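Undergrad: Below is the sequence, then the predicted model.
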Amino acid sequence: MTRKLFIAGNWKMNTSLADATALAGAIVEKIGSVETVDMTVCPPFPYLTSVKEALADSKIALGAQDVFYEDSGAYTGEVSTAMLKDVGCTYAICGHSERRHVIGETDELINRKVLKCISDGIMPILCVGELLTQRQADETIEVVSRQIRLGLEGVSSADMAGVTIAYEPVWAIGTGITATPDQAQDVHAMIRSLLGEIYDAATANNTQIQYGGSVKPDNAAELMNCPDIDGALVGGASLKADDFAKIVQAGK
Ligand code: 13P
C-alpha cells in the first residue's frame, strides 16, 4: 500500500486579503518544501489569485472551496472550473457539509460538480459525513454509503485516480469534538470496502481518504496512523500556520 498522505486546509469564510496572503506565506515558510505529503490550501474565492502568488515555488497546491458544473453563462454567483484553472487551482472541494446543510446542496448537485471537475482536470475532494442524529440512530453507514454512491455516479475507476474522499462527521466539525481514531477508522474502512465494491480492489487501495472534523496538532498523528486514514481536511487549525504545519509534520 503506497498511498501518500494528503492534507488540505479549508479556510472557509475566513481571512481578509492581507490575512490570506500572510497565512499562505507563513505556511510556505514552514512546510513549503515538504514532498512526502500532498498539501493544498483552499482560501475564499476572492483571494485565490493572491494566495497562488504566495504559494509560488512551494509544494503546496491551490484549492477552491466549491465549484459549479456549467461552463459559463447566467449563473449568478457561481464559479466555473475554467475560472479555477485560470487562477491556478488544482483541487476543488465538492459537497462540504456546510454546503449540504447550510446551503442545501443535494447529492445530485454534488455529483454534477464532481463530474465537471473530472472532465475539466480539477481534482475533486468529495466530502461525506453523517449528522449527529444519524450517528445516534445508527445510520452512519447508510448515510455515508449513499453519499459516496450518489456522489460518484458516473465516475470511472480510471477517473478515481484524481478523486479524494473526505470523511467529515458533521458532529465533529468546528465543535472541538473529534471522532476517536477507532470511530474514524471504522468509517474509513467501510468507505474503502465500498470503493472496492463499486470499482475494484486496486482503486479502493489507491484512493486517498481524508478525515476532517476538529483535527488539531495534538490529535493529527493518532488519526493519520490509522490504516485507512490518508490525511486530513482541516478547518479551524488551518488558519494558524503553526498548527497547520504541525499537522503536516505529524504525517510526514
Ligand atoms: P474543523 O477542523 O474546524 O472542525 O473543520 C473541519 C472541516 O469542515 C474542514 O472542511
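TA: Received, thanks.

Undergrad: C-alpha only now, for contacts and for neighbours.
TA: OK.

Undergrad: Spatially nearest residue to A92, not counting backbone neighbours?
TA: Distance criterion Cα to Cα, 6 or more residues apart in numbering; nearest residue to A92, sequence neighbours excluded, is A64 at 4.5 Å.

Undergrad: Quick one: neighbours of the one you found, just the number.
TA: Close neighbours of A64, defined as other Cα atoms under 10 Å, add up to 28.

Undergrad: any idea how far it lies from the ligand?
TA: Distance, A64 to the ligand, using Cα to the nearest ligand atom, to the nearest Å: 11 Å.

Undergrad: ok, that residue - contacts?
TA: Neighbour list for A64: C42, P43, P44, F45, L48, L84, C89, Y91, A92, I93 [criterion: Cα atoms under 8 Å, 6 or more residues apart in numbering].

Undergrad: Show the pLDDT at the fourth one.
TA: Just to be clear, that refers to F45. Note on F45: pLDDT of 98.

Undergrad: Torsion angles phi and psi at the residue lying closest to it once chain neighbours are set aside?
TA: Leaving out its chain neighbours, the residue that sits closest to F45 by Cα to Cα, 6+ apart is A64, at 6.8 Å. Torsion angles at A64 (phi, psi; degrees, to the nearest 10) stand at phi -110, psi 160.

Undergrad: what are the ranges of the helices in the stretch 1-150 of the chain?
TA: Taking DSSP state H, counting those that start in this stretch, the helices of the stretch 1-150 of the chain run over residues 17-31, 48-55, 81-86, 97-98, 107-120, 132-136, 140-151.

Undergrad: Those into TSV, with extra columns for distance to A245?
TA: As requested, the helices of the stretch 1-150 of the chain are arranged in TSV below (distance: least, Cα to Cα, whole Å):
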stretch	distance to A245
helix 17-31	6
helix 48-55	14
helix 81-86	25
helix 97-98	24
helix 107-120	28
helix 132-136	30
helix 140-151	29
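
Undergrad: Nearest approach to A220 belongs to which of those helices?
TA: helix 17-31 (15.9 Å; Cα to Cα).
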